[in-house]
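S.K.: Dropping a prediction and its sequence here:
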Amino acid sequence: MIGECSVPLQDNIDWWVSNPVSRNTLNSDLFLAYCKVQLIKVLLESGNKINEIVVDTLAMKTILHQLPGINDTKITIAKSIIVSSLNNYGLLLLSMARQFVHKLFQVALFRILFMGKKVILTQPITLIDTFAIPGYYSRDRYYNGLWESLSKSEKNGIKFVPTIVMTSLYKLFHAFRELINAERQFLFKESYLKFSDIFYALLYPIRVRFIKIKSVVVDGIDYSSLINTELHNRAGYHLAIEGLINYRFIKRLKDKNIKIRKFIDWWESHSLDKGLHKALNKYFPDVPVVGYLGYAPRELELQLYPADYELYNNVVPEKIAVIGKAFVDGLKIFSPNHDIEYAPAFRFQHLWNGEPHKPDSNKYTVLIALPIILNDSIHIIKMVNSCLNDLSINTLRIWVKPHPTISVDQLKNELSTEWPNIFEICEDDTQLALRKSDILISGMSSICLEAMALGIPALVVEQPYGLQFVPVPDDIPQDLWKLCYSKRDILKSIEHFKSRNENELIRHANLGNEIREKCFEPVNRQGILKFLNINGEEIIA
């Protein structure tokens, strides 16, 4: 459907960074809305009588009216269209104002205080895309072990390109200063971007409203109203703006005649990635580009599975690297001939060279590792909290490890009185916390597979709404992990894993080794040099 819409818009960069094109089910409601239409369609075809359907948009009402057999069903919109439109416009203007201030201040701050430390490039370089978030400005969260494995001469040919995110205005100075003083070498977008580039990107929410999809018919139903509504979904605007900034950044590198040897993108196929790859193909068509997917893909993150039309339109990289052999074929669902290879699993290097799993024998430690989405984290906490009175474990210890993007204060404020005293905030690094834990409870996070690779049981808590992003591949049986829908499931699973005998512990440790072997490629110098396309002996000589 999106491929068909893209044909007349293939040269429109605003279209390629837009929400519906992203197919990103974490930001875009398009796929979920499509599923709802299919549900109603199946119910009607099965002879079910539906008295009333309450929808949240005029677009959904328009589409449902096209379904055969819908005539006797009342379709109402939950909210006033006028009030909703006014609220949306008001929130859009507020969001645009905030982003204008933040982005312009960010570039101005760098130009005024840090431009003197701009890196001068005279030789072709390898650029590595990364993110800088609080707690991980200079500390590497994305390519652990890469920099440390290189010689001095090899390091000189590599620059990391940071996208600073989740950083308030008053912390930007600290972020820039820490990055500049880091051992790793960074190439800042702010060194090359012009203020006109920022204005261009920030005006995207206005320009995108002039894009109109006239018709896109699937099985006799015109979904254009749904796509047009999704074009105006503010949830994806920040990613689209970053995509346009990436696009202009690559253009400025070309304007400055910067020589790029290779470009590695931290690839999650978001709008910001699509803008980057569109520009790289246009301005540096001969430069080898690799999209590195640095975590285990989840099946309903549809954007992670490239389509042929995306490859044809140069918004995804020709080569994608995954963290283990197990994920190579799975990524080819929509594009069977796509070049997918495996590379070092940088964020999971400790699985190969860390300490063995050794929990405290005097405690039964439950590690709650919270995912990136706040509502999901709150649901998991509430579910575990509801189990406490029924857990008859005298040695019980519960550690809570929030996602780096969510503060402890945020969690406690949201939960208020539902934060029990037994919950301890875990300050250890993830790898240390896992090794001290008897069982893991989490949601849509790669830490579930990470724990299983150490032989640690993982409980994946289902969310009570929306799409479910199960972080464990389908071909791994629920032997070392359980999918939990309810309080009863959690209690039953904890009891099951706590009562394992010695033989079961050994079997699970062996299963963990198999998972590690399939899903996590070791991080070593040989693999890193291959990933970077460096002949180590030649450069060192």
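M.R.: Arrived safely, thanks for sending. Numbers count the residues shown, from 1 in each chain.

S.K.: Grab the nearest non-local neighbour of the residue of the chain most remote from its centre.
M.R.: Here the centre of the chain is the reference, and by C-alpha atoms, centre = their mean the most remote residue is Asp72, at 42.2 Å. Excluding its sequence neighbours, the residue lying closest to Asp72 (C-beta to C-beta, 6 or more residues apart in numbering) is Lys49, at 7.2 Å. C-beta here means a position set from N, CA and C on the backbone, and glycine is covered the same way.

S.K.: Pull up the gap between Asp148 and Ala182, please.
M.R.: Not quite, residue 148 is Glu, not Asp. Separation of Glu148 from Ala182 (C-beta to C-beta, to the nearest Å): 13 Å.

S.K.: which one of these two has more residues nearby?
M.R.: Legend: neighbour count by other C-beta atoms under 10 Å for Glu148 and Ala182, higher for Ala182 (17 against 14).

S.K.: Helix, strand or coil: sort out the more buried one for me.
M.R.: Of the three states, Ala182 takes coil under DSSP: H, G, I helix; E, B strand; the rest coil.

S.K.: Phi first, then psi, for it.
M.R.: Dihedral pair for Ala182: phi -70, psi 160, per degrees, to the nearest 10.

S.K.: cool, Ile441 as well?
M.R.: For Ile441, the backbone dihedrals (degrees, to the nearest 10) come out as phi -120, psi 130.

S.K.: Bridged to it, which residues?
M.R.: Ile368, Leu459 (DSSP bridges).

S.K.: And it, what's its pLDDT?
M.R.: pLDDT for Ile441: 97.

S.K.: ok, the residue farthest from the centre of the chain to Ser493 distance?
M.R.: For Asp72, the distance to Ser493 equals 45 Å [C-beta to C-beta].

S.K.: now swap in Gly3 and tell me
M.R.: Counting by C-beta to C-beta, the gap from Gly3 to Ser493 is 41 Å.

S.K.: Comparing those two, which residue is more hemmed in?
M.R.: Ser493 (21 against 15).

S.K.: Next up, the contacts around the residue lying closest to the more buried one once chain neighbours are set aside.
M.R.: Of all residues not flanking Ser493 in the chain, Lys482 sits nearest, at 4.2 Å (C-beta to C-beta, 6+ apart). Each residue near Lys482 by C-beta atoms under 8 Å, 6 or more residues apart in numbering is listed here: 457-460, 489, 493, 496.

S.K.: Now list the buried members of those.
M.R.: 457-460, 489, 493 (16 or more other C-beta atoms under 10 Å).

S.K.: Format these as CSV; extra columns: pLDDT and distance to Ala326.
M.R.: Output for the buried ones among the contacts of Lys482, formatted as CSV (pLDDT from 0 to 100; distance: C-beta to C-beta, whole Å):
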residue, pLDDT, distance to Ala326
Pro457, 96, 19
Ala458, 96, 16
Leu459, 96, 21
Val460, 95, 17
Asp489, 95, 26
Ser493, 95, 24
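
S.K.: ok, so of the residues you listed, who is nearest Lys325?
M.R.: When the buried ones among the contacts of Lys482 are ranked by distance to Lys325 (C-beta to C-beta), Ala458 comes first, at 20.6 Å.

S.K.: And the closest one, how far from Leu304?
M.R.: 21 Å.

S.K.: Now render the contacts of Lys482 as JSON lines, adding distance to Ser407.
M.R.: Shown next, in JSON lines, are the contacts of Lys482 (distance: C-beta to C-beta, whole Å):
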{"residue": "Pro457", "distance to Ser407": "28"}
{"residue": "Ala458", "distance to Ser407": "25"}
{"residue": "Leu459", "distance to Ser407": "24"}
{"residue": "Val460", "distance to Ser407": "24"}
{"residue": "Asp489", "distance to Ser407": "29"}
{"residue": "Ser493", "distance to Ser407": "29"}
{"residue": "His496", "distance to Ser407": "34"}
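
S.K.: and of the residues you listed, the nearest to Ala201?
M.R.: Using C-beta to C-beta as the measure, the one of those that approaches Ala201 most closely is Val460, at 37.2 Å.

S.K.: thought the closest one was touching Leu449?
M.R.: No - between Val460 and Leu449 there is no contact under C-beta atoms under 8 Å: 10.1 Å.

S.K.: and for these two, which residues touch both?
M.R.: Joint contacts of Val460 and Leu449 (C-beta under 8 Å, 6+ apart) are 471-472.

S.K.: how about low-confidence regions in the stretch 151-300 of the chain?
M.R.: Scanning the stretch 151-300 of the chain for pLDDT under 70 picks out nothing.

S.K.: what ranges do the strands span in it?
M.R.: Ranges of strands within the stretch 151-300 of the chain are 158-164, 217-218, 221-222, 260-266, 289-292, based on DSSP state E, counting those that start in this stretch.

S.K.: just the stretch 301-450 of the chain next, same as before
M.R.: Under DSSP E, counting those that start in this stretch, the stretch 301-450 of the chain gives strands at 319-322, 339-342, 364-369, 396-401, 423-425, 439-442.

S.K.: In JSON lines, list these along with mean neighbour count.
M.R.: Below are the strands of the stretch 301-450 of the chain laid out as JSON lines (neighbours: other C-beta atoms under 10 Å):
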{"stretch": "strand 319-322", "mean neighbour count": "22"}
{"stretch": "strand 339-342", "mean neighbour count": "16"}
{"stretch": "strand 364-369", "mean neighbour count": "23"}
{"stretch": "strand 396-401", "mean neighbour count": "19"}
{"stretch": "strand 423-425", "mean neighbour count": "15"}
{"stretch": "strand 439-442", "mean neighbour count": "24"}
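
S.K.: Turn those into TSV, columns for distance to Leu529.
M.R.: Formatted as TSV, those follow (distance: least, C-beta to C-beta, whole Å):
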stretch	distance to Leu529
strand 319-322	14
strand 339-342	14
strand 364-369	32
strand 396-401	33
strand 423-425	39
strand 439-442	34
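
S.K.: And those strands: which comes nearest Phe131?
M.R.: Evaluated with C-beta to C-beta, the strands of the stretch 301-450 of the chain place strand 319-322 nearest to Phe131, the distance being 17.3 Å.
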